[in-house]
Structures are given as structure tokens and as C-alpha cells.
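>>> Next one to model:
(one chain, ligands or ions: 2)
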Amino acid sequence: MRRWIVLVLLLMAAAAIFVACSDEEPEPTATPVPAPVQASGGGGLPDDLLAVANARGLTPQDIRAALKTYVPSGKKDEYYLFSSGGQSGNVVVIGVPSMRILKQIAVFTPEAWQGYGYGEVGTEAVLDGGNVDTTTIRMGDTHHPALSETNGEYDGQFLFINDKASARVAVIDLRDFETKQIVKDPNLISNHGSSFVPPNTEYVIQASQYATPLGWEYAPISEYKEKYRGLITLYKFDREKGRIDLANSFSIEIPPYWQDLCDAGKLVSDGWAFCNSFNTEMATGGIESGNPPFEAGVSQRDTDYLHIFNWRKAAEVAAQAGKTEVINGMRVIRIPTAVEEGILYLAPEPKSPHGADVTPDGKYITVAGKLDPHVTIYSFDKIMKAIEAKNWTTDDFGIPVLDFDAVMLTQVELGLGPLHTQYDDKGNAYTSLFLDSAVAKWSLGGDDPAGYKLLEKLPVQYNIGHISAAEGDTVSPDGQYLVALNKWAVDRFLSVGPLKPQNEQLLDIGSDQMSVLYDMPMGIGEPHYAQMIKADKIKAWEVYPEVGWDPLTQAPSEFAVKPGEERIERDGNNVTIYMTAVRSHLTPEHVTLKQGDNVTWHITNIETAPDATHGFDIGGQNISLSIEPGETATFQFTANHSGTYAYYCTEFCSALHLEMMGYMMVAPEEAN
Ligand code: CUK
Ligand code: CUA
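Ligands and ions are numbered 1, 2, ... in the order given. Below you'll find the predicted structure:
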């Protein structure tokens, strides 16, 4: 009750300040100039709150932003934001509007708190799924998270994310927010247009970035045009198993144009997808040999190519005998077949563009110019008509290049460095402007070119990359919130040395004028893209469904152990330990080994209470586990060194947590 009174008082106070403020000076049209809070001559902000506001130098706008973002202790956020963590190789989960970090999900990089990537089996085997040839890969560069969709709506079941560095894609199960699978494209070494899903998540789409010979085999750069290629890969997603099914996946060969970003069609355009590109010049660099540097060579032409492909048709063709070539185990539709079958088309697009974003109704595709101040809007209907009328020329590879004027609906000049576009529920679009450091809001006009207009620009701090709107990639965006993922923070936060955090800014797009509500330092990697989903769509488990659960199979584990059945089994040099963890002991408490033993260690957390997680570390063995309530975790190692080691629970789980430990004694070889 008291909380309500306080809230009402705060709201009244904020309203009063606004009235007081606008009485004194005319409402500015651009960015409002912050004014100090002033007493409103009776009936305004209560004295104690006024004192706080003044002591902290808060403006009415600050107070409004605080009221819109503050989530009281014990209350929960409205949305989850799944943000890529860039070079940290992870995903960061954030609550909106509070912008509180809820979790970091380890994906391509080991992470000790989650016990991700230690002990040879279990999650380390997940990481090993992404190894390249004989090289163990323990880093990743995550760019684009994609939530699984049903009928064009986020369904809250799975999250996919790419690793640009080594052309890999990961599957995260949102029942427990853990990475279940990493797949490596056998023919690509660099991706970017990934991950994207069609409206029913039949596939996870990935397009290459930097072209190489397929299978990244050696070929001199002088053979670029003949030998280097890009690929669009359609990873078949098996929703039942929660895994990408590589055997039923396939690729479409595309020219070495450095494809950038893709988006899948929806509703009318379902079955199609779109990727832009930025090196149709096929520049090959080599500044050290007197050639133009990449950044100049890649930007010579005024237009590049929007790639338009019919993935549904491609899937039919890939299933037919003789239509694909198997390269390194993956079926590939070569360019001539793709052309012959009407799978692949191009359309000119200005100029070294970045994003390609399909509107919620699926009828239009927005391409942001990057080096051109416009966004270009393509009409899917016009594209289909141009294809039907064969209104095209061809490129060097024989691929139809649709007539620009025939497929382009209109262009809107927004400002410098347009990158990425999102949509709201009121028929507006939002585009990030990297060079302007701003978000542009503009109207969608349907089939009427005159309806597309720049409405407003809001400065952000600074040099924005992606933006993410609430439910922004679905057929029904929510509006209300937009997160600006800014590349530079410069002076926004307390200094933490030369490496600064990125600045994720929460913007209010639910009001007539956009405003910045919150600055959130992202000090754990560089976010590229993020997706924002309504919180009630995520049905995360509080504890695992049964005691003795294997999170990797999402089924009961054959290695689960019940209390009273803990044991150590020896078969020659192979030792298997069946351990339980419960507040406040690990059973057994003594593990006696011989040097050289191959050890397989299963631990079941027999707790059923939410949050009763036990961690498990053994000194000197590079082992860290997180065993959540009900989980059975497994690790393996070889006891190479004799000695006496302590193992213990790493989560402060109870008053007797420090006592939750045991000794592992490894007898030296000579004593054996
Ligand atoms: S990218 Cu980073 S700002 Cu990889 Cu989608 Cu555009
Ligand atoms: Cu279990 Cu500490």
C-alpha cells in the first residue's frame, strides 16, 4: 500500500515538474536542454524528493527517465534482451527496461561460473563440436542472435548465434539458457549474415562474409575471381531434438562479393531471404604491393548487390538427385544450377550497404546505405514482377541482376552512415546512423513513395551500430523500447582504463518524441546485434525436471546416482566416481586414485529447491562445474600427477558451505 502512495506521489511530482518547466520556457523542438528541478510553488514534488533531485542535479527529464526504467526490488522486467557479446564469444541477457544484466551465456568460450567447457566431456564436447580441422577453437566473435519463431513471432524456445571468426553457429536452449550445440560450416571460414530464421524456423540461415576458396583451401589471391566464393548455408533445424541437423543442411554457392547481412522474408515474402553485399568490386587489397587498400578498392562502385534467394525452392532442388555437389560432406547448389532453377537473383543497392531488414508485413526490404545517406526501400511485389518479366541483365557469374528502378520503391535520406533498421507497432521505422551518432525515425508509406518520410533524429552516445526494438524482427513489433548498441562510450562512464565498455542505451519510442532513458555500460564484450522478447514468452525451468538430469540430452542421465548409492568403481586403470552433492556435503568425501588413472566423475545435485546450485572445483586440475538443482554433470581427466588435492563446492550454498569439500589423493606410480 505504501509503495503505491510513493509511486503516485512520484508520478504527480514528475507531472508537476513538467508543467512548471514548460511554463518557464518554450518546449524545445530538438534535444531538450536539461533544466534543474525547481520547486513548483506548492503542490509539486514533496520536499524530501525535491531535495534528493536537487542534491543529485536531476532534471525533469532525468526523473521521467528514472520513473520509466526503475524496477523496484523484487519486481521483474517486461522484456528480455539477448545481446551478442562480440569477441567475448558469449551472449548477454539483459532485463528491459531496468537494463540489469541477468546472465552471461557462455557459447564459444569456456566460462568457469557456468562450468562451461571443462572436463573433456559434457560442455567441453559441445565446444569441441566447433573445432576447425585439428585446431581447438576456444574463442568466438558473436554478432547476430536470432530467437526461434513460430508463425513469424518469437516463440521463446531457442536462440541461435553465429561466430563470425570461424563460420560457426550455436544453438542455445531457452529452457535452461545453455549452449547445446556448435556446428562448423565445412566450407566457410568466415560468416556474418547469421543467424537468421524464417517465420517457422525450418532453417537457421548463414551467409559468408570474407570469400575464400570453398573449404578455405589454399589459392593465391590472384585467382580470386575464379576460385574464391561465398556461400549461403541453410542449416536444417530439428525443433524436436533442439539441434541443427547437418545431414539435412545444404549451401548455395554465391559470388565472392563479401555478403554482409541477411534477413528472412515473412508473410507474403516467406520462402525468400535477402542479403546485402559490399565488395562486388571483388577488390583483393595488397597495399604492400602497391595495390589500392581494401577500404578503397571495396568502395569504388556506386552500387553493390542485394542478394535475393528463394530458400524454399533451394531446399526442393537440394533434395533432387544430381542438382548438388557434395563438398566436404555438405551438399552445395552451384551457381549455374541456382540460376537455372530460379533460386538466386541480385539487385543493385547503394553503396557498400550494411543492413537488410524486412518490414513486419513482409512486403518491403530496407537496405541502409552505410556510405550513402539514404535507406533504399525495395518492394517484394516489384521484385516478383521483375523476375516474372525477366527484367534483368547478368553479372560476371551469369546471375540475373534485376533492374534497379523496377524493384526499388523509394529512397529516404536519413543522414550519415545508415546501418540497421528496426520497426515499431505504429508503422514507423528506426535506422541507426553510425557517423551521425543518431537514431532516425521515419515513416513507412506502404506502396506510396510519398509516405516514406524522415520524422525525427535523436543523438546517441556514440557511433551506434545495431538497434533492437521490442519484438522488432517479428510480424508484430511492440514499439515502446529500442536499445541502441553504441560502439563508443568515450566519456560516459567512470574510467576503467583505455579499454572502455560499449554503451547500450535504452530509448523510449513509445512517446511522440524519442528520448534516451538509460545508459548501460557493457563491460563484457562488444555487442553487435540483440533481440528483445516479451518476458512471458520465455518458459525457463526453475530446476531440472527430474533429479539426475542430463542437460545435454535434456533427458534423465544414465549416470545419475541416488543418495546412498554413491560409489567408486575401479576397472584396471579406469576409475568411475558416482557422487552426490547436497547441502552441505559431497559424497564420497575421500577419492583415492593411483597416478595414471583415467577418471570419469559423475556428480548429481540431488536438490530440488530453486537456486540450490552447487559448484565444483578441484585444485590443479582445470575443472570447474556448475551443477544446478537436479543436474547430473560429468567430467573426465587423467590423474597425471600424484599428490593430495582438495575439491570443494564453489557456490556459497549454506552456512556449512566451506565444509562442503573432500580430498582426492593420488598415490605415486612407484607406490602402485
Ligand atoms: S554488424 Cu556489428 S554494427 Cu556484425 Cu550486424 Cu552492423
Ligand atoms: Cu554447495 Cu557450497
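
>>> So which bits of the stretch 501-650 of the chain are right by ligand 1?
Applying Cβ under 6 Å from any ligand atom, we find that the stretch 501-650 of the chain lies next to ligand 1 at 528-529. Every C-beta, even on glycine, is put in place using the N, C-alpha and C of the backbone.

>>> So what's the residue count around residue 328?
By other Cβ atoms under 10 Å, the residues close to residue 328 number 12.

>>> Do I have it right that it meets residue 215?
Yes - in this structure residue 328 lies within contact range of residue 215 using Cβ atoms under 8 Å: 5.0 Å.

>>> Please tell me how far the closest residue to ligand 1 within the chain sits from ligand 2.
In the chain, no residue comes nearer to ligand 1 than residue 465, which is 2.9 Å away by Cβ to the nearest ligand atom. Going from residue 465 to ligand 2 by Cβ to the nearest ligand atom, to the nearest Å gives 40 Å.

>>> dump the residue contacts of that residue.
Taking Cβ atoms under 8 Å, 6 or more residues apart in numbering, we find residue 465 in contact with 419-420, 432, 434, 485-487, 527-528.

>>> Among these, which pair sits farthest apart?
Pairwise distances across the contacts of residue 465 peak at 14.6 Å for 434 and 527 (criterion: Cβ to Cβ).

>>> Who has more neighbours out of the two?
Neighbours were counted for residue 434 and for residue 527 using other Cβ under 10 Å; residue 527 has more, 29 against 21.

>>> how about the residue nearest to residue 502 when sequence neighbours are not counted, phi and psi?
Distance criterion Cβ to Cβ, 6 or more residues apart in numbering; nearest residue to residue 502, sequence neighbours excluded, is residue 522 at 4.4 Å. With angles defined as degrees, to the nearest 10, residue 522 sits at phi -100, psi 90.

>>> what does residue 55 give?
When read as degrees, to the nearest 10, the backbone of residue 55 gives phi -60, psi -30.

>>> can you check residue 65 too?
Backbone torsions for residue 65, taken as degrees, to the nearest 10, come to phi -60, psi -40.

>>> right, and it touches residue 517 too?
Yes - between residue 65 and residue 517 there is a contact under Cβ under 8 Å: 4.4 Å.

>>> any common contacting residues for those two?
Residues touching both residue 65 and residue 517 (Cβ under 8 Å, 6+ apart): residue 508.

>>> Do a quick rundown of the helices in the chain.
Assignment of helices within the chain using DSSP state H yields the ranges 2-24, 47-55, 60-69, 123-128, 224-227, 294-297, 311-318, 335-340, 380-388, 404-407.

>>> outside of the last one, which residues touch it?
Outside of helix 404-407, the residues within contact range by Cβ under 8 Å, 6+ apart are 303, 347-348, 378-379, 382-383, 385-386, 389, 391.

>>> For the chain, which residues are neighbours of ligand 2?
Within reach of ligand 2 by Cβ under 6 Å from any ligand atom, the chain has these residues: 614, 649, 651-653, 657, 660.

>>> how about 5 Å then?
Within the chain, the positions lying close to ligand 2 (Cβ under 5 Å from any ligand atom) are 614, 649, 651, 653, 657, 660.

>>> Now do the one residue in the stretch 101-250 of the chain that gets nearest to ligand 2 against residue 603, distance only.
Residue of the stretch 101-250 of the chain nearest ligand 2, by Cβ to the nearest ligand atom: residue 115 (13.1 Å). Separation of residue 115 from residue 603 (Cβ to Cβ, to the nearest Å): 10 Å.

>>> Now for these two: what residues contact both?
Both residue 115 and residue 603 are in contact with 616, 625, 627, 633, where contact means Cβ under 8 Å, 6+ apart.

>>> For those residues, give me a markdown table that also has pLDDT, distance to residue 60 and neighbour count.
Conversion of the shared contacts of residue 115 and residue 603 to a markdown table gives the following (pLDDT from 0 to 100; distance: Cβ to Cβ, whole Å; neighbours: other Cβ atoms under 10 Å):
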| residue | pLDDT | distance to residue 60 | neighbour count |
| --- | --- | --- | --- |
| 616 | 98 | 52 | 26 |
| 625 | 97 | 51 | 28 |
| 627 | 98 | 50 | 26 |
| 633 | 98 | 52 | 29 |
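
>>> re the thing from before, with mean pLDDT, distance to ligand 1 and mean neighbour count as new columns, can the helices of the chain be given to me in JSON lines?
As requested, the helices of the chain are exported to JSON lines (pLDDT from 0 to 100; distance: least, Cβ to the nearest ligand atom, whole Å; neighbours: other Cβ atoms under 10 Å):
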{"stretch": "helix 2-24", "mean pLDDT": "41", "distance to ligand 1": "35", "mean neighbour count": "14"}
{"stretch": "helix 47-55", "mean pLDDT": "94", "distance to ligand 1": "36", "mean neighbour count": "14"}
{"stretch": "helix 60-69", "mean pLDDT": "96", "distance to ligand 1": "24", "mean neighbour count": "19"}
{"stretch": "helix 123-128", "mean pLDDT": "97", "distance to ligand 1": "22", "mean neighbour count": "20"}
{"stretch": "helix 224-227", "mean pLDDT": "98", "distance to ligand 1": "23", "mean neighbour count": "15"}
{"stretch": "helix 294-297", "mean pLDDT": "93", "distance to ligand 1": "16", "mean neighbour count": "14"}
{"stretch": "helix 311-318", "mean pLDDT": "98", "distance to ligand 1": "20", "mean neighbour count": "20"}
{"stretch": "helix 335-340", "mean pLDDT": "98", "distance to ligand 1": "25", "mean neighbour count": "18"}
{"stretch": "helix 380-388", "mean pLDDT": "98", "distance to ligand 1": "22", "mean neighbour count": "18"}
{"stretch": "helix 404-407", "mean pLDDT": "98", "distance to ligand 1": "23", "mean neighbour count": "17"}
